[in-house]
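**Student:** sharing a model that was predicted from the sequence below.
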Amino acid sequence: NPPTLLSHPHTPCPLHRGNSAPPWMLPQASRPTRPLILRSKPHQLGPHLLSFPIAEKKKPVSESDTSSLIEVGKLAVWTLSTAKHGNGVSQLRDGNLDTFWQSDGQQPHLITIQFHKLTHVQRLDLYLDYKLDESYTPQQIQIRSGTITSNQMIKIHDLDIEEPSGWICTALDVKTLCLQIAIIANHQNGRDTHLRQVKVWGRRRDATSSTGAISDAFTSPTMQQFASIR
């Protein structure tokens, strides 16, 4: 004789609302739906870290108009993880596309840009040339932001670059005390890297803002003595 199948009275489930079968036995279209709720913990930032975007892979854009920007890299202290003699910070910042920084050590190769005060950085531009530098050309780059003194550097952008030739411009829009450019990998698995130029852009102050309008007005030699409070 076939075995006897025992059944128990079905206990109504609050989700199936009177259906004769529990929700997991209903057809897909008849199953009750629940909203998907994603919860995330707030990002922990140090006291000087403001408005950091989530790290993401960015597609580099071409060089664009800088009329509304001002180069703020000259206000910072630049340090390199390593450098070959004669290819250091001076060559990286001289405005000459024929010179370059060349690292001399193990990856990742780091450029650290420290500001004296909290600075609003709008954009970061890198000049790379695969045709000239080949295996020395960076392929994977991380951009980090934070405070180097307390070792709070947060990755804010990943760049994946294929055989670049020209300016690689990345929008940042971040307030920071320190930026760091980390060369993670080169083309053709090269060890050392060449980076020809780096520019750091901030917002240009409006001509009518605070002291800018006042100091611009005192342009004659006679009035220059009144340009500042003593």
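**Tutor:** It's in. Numbering: from 1, shown residues only.
**Student:** low-confidence ranges in the chain?
**Tutor:** Low-confidence segments of the chain (pLDDT under 70): 1-64, 150, 206-230.
**Student:** for it, what spans make up the strands?
**Tutor:** Counting by DSSP state E, the chain has strands at residues 56-58, 69-71, 76-80, 101-102, 109-129, 138-147, 152-160, 165-186, 194-195, 197-203.
**Student:** comparing those strands, which comes out most buried?
**Tutor:** Of all these, strand 194-195 has the most neighbours on average by mean count of other CB atoms under 10 Å, namely a mean of 26. Any C-beta I mention is one placed from the backbone N, CA and C, and that applies to glycine too.
**Student:** sheet partners, orientation included, of that one?
**Tutor:** strand 101-102 (antiparallel) (DSSP bridges).
**Student:** show me the one of the strands of the chain that comes nearest Gly95.
**Tutor:** Among the strands of the chain, strand 197-203 comes nearest to Gly95, with 7.0 Å by CB to CB.
**Student:** name the residues that touch the closest one?
**Tutor:** Applying CB atoms under 8 Å, 6 or more residues apart in numbering, the external contacts of strand 197-203 come out as 66, 68-73, 76, 92-93, 95-97, 111, 113, 119-127, 179, 181.
**Student:** compare the strands of the chain and give me the one nearest Gly86.
**Tutor:** Closest of those to Gly86 is strand 101-102, at 8.6 Å (criterion: CB to CB).
**Student:** tell me the spacing between the nearest residue to Leu132 once chain neighbours are set aside and Val89.
**Tutor:** Take Leu132 and drop its neighbours on the chain: the residue closest to it by CB to CB, 6 or more residues apart in numbering is His194, 7.9 Å away. Distance, His194 to Val89, by CB to CB, to the nearest Å: 14 Å.
**Student:** now Thr79
**Tutor:** Using CB to CB, we find Thr79 at a distance of 8 Å from Val89.
**Student:** what do you get for His120?
**Tutor:** 23 Å.
**Student:** how about Leu110?
**Tutor:** From Leu110 to Val89 the distance is 12 Å (CB to CB).
**Student:** again, but for Gln122
**Tutor:** Taking CB to CB, one finds Gln122 at 22 Å from Val89.
**Student:** Leu177 now?
**Tutor:** Taking CB to CB, one finds Leu177 at 19 Å from Val89.
**Student:** quick check: bridge partners of Trp78?
**Tutor:** Going by DSSP bridges, Trp78 forms beta bridges with Ile113.
**Student:** ok now do it, which residues does it touch?
**Tutor:** Taking CB under 8 Å, 6+ apart as the definition, contacts of Trp78 comprise Val89, Leu92, Arg93, Ile111, Thr112, Ile113, Gln114.
**Student:** pretty sure Glu134 contacts Gln188?
**Tutor:** Yes: assessed by CB atoms under 8 Å, Glu134 is found in contact with Gln188 at 6.7 Å.
**Student:** quick one: the contacts of Trp78 as a markdown table, columns for distance to Arg204 too.
**Tutor:** Formatted as a markdown table, those follow (distance: CB to CB, whole Å):
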| residue | distance to Arg204 |
| --- | --- |
| Val89 | 25 |
| Leu92 | 23 |
| Arg93 | 20 |
| Ile111 | 24 |
| Thr112 | 25 |
| Ile113 | 19 |
| Gln114 | 22 |
